[in-house]
Each structure stands twice: as C-alpha cells, then as structure tokens.
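Novice: Just a sequence and a predicted model for now, questions to come.
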Amino acid sequence: MRPRVGLLTFGCRVNQYETQMMRSLLARGFDLVQDEAEVYVVSACTVTSLAERKARQAIRRLRREYPQAKILLIGCLADAVGRGVSDIRGADLLGGNAWKGEVHEAVQRALAGERGMLPSIDPIPLDQERVARQPGRVRAFLKAQDGCDSSCTFCRTTQIRGPSRSKPITATVTEARSLVERGCPEVVLTGINLAQYSPSDGDLAMLVRKLVKIGGLRRLRLGSINPAGITQRLLEVAASDRRFCPHFHIPLQSGDDAILRCMNRGYTASFYLSRIELIRRFLPEATFGADVIVGFPGETEAAFARTCSIVEEVEFVNLHVFRYSLRVGTQASDFPRAVSDKQRRNRAQRLAQLARMLRERCMEAFLGREEGVLVEENRDGHWRGYTRGYIDTVLEGGNGITAGDEVTVRIAGVSGDHLEGVKDD
C-alpha cells in the first residue's frame, strides 16, 4: 500500500504552480489525499506576517487533527527559517524552495523520521519544471520566471528566491501546448518578477507571440508584471490576437515618489501612469489590477493621498491593499518614522472603500454590453467564469453549458463583486 500524502498551499500563483509540479512528481509513488495523510506537505509564503500566520495556523490544525502525521514545511517560509529571519514550530521537517523539485525524496525523509532543516541543494533547472493539468480546472498557471534581481526594501524575495532565472521559450511553449492538449483552454504566465523574463532565446514579447499560436488555446493571460515589463513591443503583440486577455495586474505599491524611492521600486508615479496610457493606446478595453502597500515607514497623509489619487485616476477593477508588514532582514525593517498600526489600519480601510467604489463603477460600465465568458464552474446552480478583462461573471440561462465553454453573454446586472450575464438559450 502506497503512503498517503496531502498538500496545502499558501501564497502567490508561483507557489500554486509549484504545488501542481509537486503533485505531478508525488503521484508517481504516493497516494494524494486530503484527509488522513501520513505526510502533509505545506508550501508556505513569507512575504507578509499575515501569510506566515496562516501557515502557522494550518500547521497547528494539522498537528491537532492528525497527531500521527508528519508535517513537511517547504518553500519560502522554510527558507526564511533557515536564514534565521522567521520562526515556526510544529513542522517535523523543513526544506527550502529548491526541495520542491526533489519533493519525492523530502517526503521519504519525513516518513523515515528525519527532523529539522534539510540541507541546502541547488534548484532543478526551470526547463525541467513541468505541471500537468489539474482535473476540473479550466485555467492553468505556467511559471516562466523565478527569482528577482531587484532589491525592494520591504521584500524578502531576493534573499529567499535568489536572482532572476528564466525558462527558455522553447520549454515554456512545449509546456503550454501540453496543458492545452490535455484540455486546459486558458494559460496564465506567472513569475516572481515577470518583467525580468529574459531567456537566451528571446524575450516576453516573443514568448507571447509564440504562445498565442498554439492550436486550441483560447486565452492567454499575464500574471502580475512590474511597470518596466510593459513595452510597446509586448503590447503590439498583445493587440494582434484576441486570445491575449487585456487585463494587466501591475503592482503600484505607492503613488508617492518619495515613498517609491524609499521602497527602491525603480520607477516614479508618472512612469507608472505612462504604462497605463500606453496599454490603453493599444488595448482601449483593458482593465487593471494592482497591489498597494499603505503605512510604509515615512508615509505621510499627503503621500497616502497621492496614492489614492492615482488609484482613482486608473480606476482599478482589482486592487489588493496591504498594510505594511515589517519583515526582519529587509532594509525597511531599520527605517525610522514608523507609521502606527492605527494609521495603517485606517488608511487600508479608506483605500479599500475607494477601491470598492471604483470597482463598482468599472463594472457598471459593462451594463448592456456583450462579453465573452470562459466558463469555469457551476456554483450554487449557476455557471460562472471570467471575462477577457478578468471580471467574475455569473450566468443566467444557457442550457447545455459545460466547464471550458466560451460563451457570449449580455451583461444585465452588477451584484457585489461580480457581473450578471444573460445567455439566450
């Protein structure tokens, strides 16, 4: 009887991709289960204190519900523990990100009773990373890049993930084609810093050009991409094929130039807005998402107001608001002029309220229009999916629909965070 292994994932799309890779590797010698596993593999994030807290809570729950199981903590949080900048208890065995490519051996070591931190190893080359389509999923993440050459003062990524590495275009296209052939019509390109994608055989624009030519692919999306990655060449390719989805998640972090300099983001607010303008010139129907940090050390009320002004000007349809989280080992952890927790909480609430108002305004602009929706699942008796602009849409009518269908609907309403689409039968 094969050992039973469960997987839990916290964090970004790259983590989700890597869990799918581990799932593919483990399926060769283990039974993958949700409950009553002998080993639980917890892939956890360290980017914020909230992310770490979620991992700690999950480990405590596993320890309480399955006291006999081994717990293997793997990924960024384990790397942070190994570097002495985080602390976590309850896991039997810990291994950094490089162990994801050798997860079969890591699980065997956990089963054998090994404890503590696994030794450092070199990561497998990116062109050897592969995922198989997860049954029941319409959208697949495809990691094309890892690591980061920037040094944002609030971020541990450079320490934990190392320098930027890029998966060759040939390997990325081969992996994407395999996902499509196995029934996944939408591919989302992801990376730790996709703007730094620079393989020896081309660049991001060339990769996109080759991907949209894959037979059977219906949609191609970009994951989060920093402003420097938005180039005219990329947008010319994007505008040439409707399979490229015109939604861009471009981290903003702050709308104040002084704060951006302190963050070492490498751009100004005006440059950020110039990327929005460039996108709209080539893709007028584009929608936008962003990440914003409020309460960074030294952020004044005036600086926060400038962030709100840019958020209002762009009208993001998706905005992720984070309260600044001090991370030991980062440059910003030593910065003076800390913003109080009360102020951070207040600013986050105000910005989130503004974001909700803007999202509703953006969605109301779709009323009466026809939109294509790629159907993903049936929830509570209604089919739902996403528009090309990445807006969640619930369908009314449309007998005979199945997951993976792309249907044209008339947008008849806005309800909470989603559109209501009507498909005439």
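Specialist: Perfect, thanks for sending it.
Novice: Find the least confident helix or strand in the chain, judged by mean pLDDT.
Specialist: Here the helix or strand of the chain ranked lowest by mean pLDDT, DSSP states H and E is helix 157-161, holding a mean of 86.
Novice: what's the next secondary structure element after that one?
Specialist: For helix 157-161, the succeeding helix or strand toward the C-terminus, using DSSP states H and E, is strand 165-166.
Novice: That next one packs against which elements?
Specialist: Here strand 165-166 is seen to pack against strand 139-146 when contacts are counted using 3 or more C-beta pairs under 8 Å, 6 or more residues apart in numbering; DSSP states H and E. C-beta here means a position set from N, CA and C on the backbone, and glycine is covered the same way.
Novice: How about residues contacting the strand it packs on?
Specialist: Residues from elsewhere that reach strand 139-146 (C-beta atoms under 8 Å, 6 or more residues apart in numbering): 13-14, 16-18, 20, 123, 126, 129, 131, 133-134, 161-162, 164-167, 172, 175-176, 179, 184, 186-194, 196-197, 207, 223, 374, 376.
Novice: Which among those residues count as buried?
Specialist: 13-14, 16-18, 20, 123, 126, 129, 131, 133-134, 161-162, 164-167, 172, 175-176, 179, 184, 186-194, 196-197, 207, 223, 374, 376 (16 or more other C-beta atoms under 10 Å).
Novice: What is the least confident helix or strand of the chain packed up against?
Specialist: With contacts taken as 3+ C-beta pairs under 8 Å, 6+ apart, helix 157-161 sits against helix 76-82.
Novice: following the helix it packs on, which helix or strand comes up?
Specialist: Next helix or strand after helix 76-82 toward the C-terminus (DSSP H and E): strand 93-95.
Novice: Identify the residues contacting that next one?
Specialist: Taking contacts as C-beta under 8 Å, 6+ apart, the residues outside strand 93-95 that touch it are 70-74, 78, 81-82, 88, 106, 109-110, 114-118.
Novice: Name every sheet partner of it and say whether each one runs parallel or antiparallel.
Specialist: In the sheet, strand 93-95 lines up against strand 70-74 (parallel), strand 116-117 (parallel) (DSSP bridges).
Novice: Any idea which of the ones you listed gets closest to residue 340?
Specialist: Nearest to residue 340 among the strands paired with strand 93-95 is strand 70-74; the distance by C-beta to C-beta comes to 32.5 Å.
Novice: if we can go back for a sec, any of the contacts of strand 93-95 buried? List them.
Specialist: Among those, those scoring as buried are 70-74, 78, 81-82, 88, 106, 109-110, 118 (criterion: 16+ other C-beta under 10 Å).
Novice: Skip the chain neighbours and tell me the closest residue to residue 424.
Specialist: Leaving aside its sequence neighbours, residue 424 sits nearest to residue 397 (C-beta to C-beta, 6 or more residues apart in numbering; 6.6 Å).
Novice: Report how many residues lie close to the one you found.
Specialist: Residue 397: 14 surrounding residues under other C-beta atoms under 10 Å.
Novice: just residue 233 next, same as before
Specialist: Neighbour count for residue 233, taken as other C-beta under 10 Å: 13.
Novice: Give the helix, strand or coil label for it.
Specialist: Of the three states, residue 233 takes helix under DSSP: H, G, I helix; E, B strand; the rest coil.
Novice: Nearest residue to residue 154 in space, ignoring adjacent ones along the chain?
Specialist: Closest residue to residue 154 apart from its sequence neighbours, by C-beta to C-beta, 6+ apart: residue 332 at 4.6 Å.
Novice: give the contact list for the one you found.
Specialist: Neighbouring residues of residue 332 by C-beta under 8 Å, 6+ apart: 153-154, 262-263, 296-297, 324, 326.
Novice: and if you look at residue 273?
Specialist: 310, 313-314 are the contacts of residue 273 under C-beta under 8 Å, 6+ apart.
Novice: Helix, strand, or coil at it?
Specialist: Classification of residue 273 using three-state DSSP returns helix.
Novice: any idea how far it is from residue 325?
Specialist: 27 Å (C-beta to C-beta, to the nearest Å).
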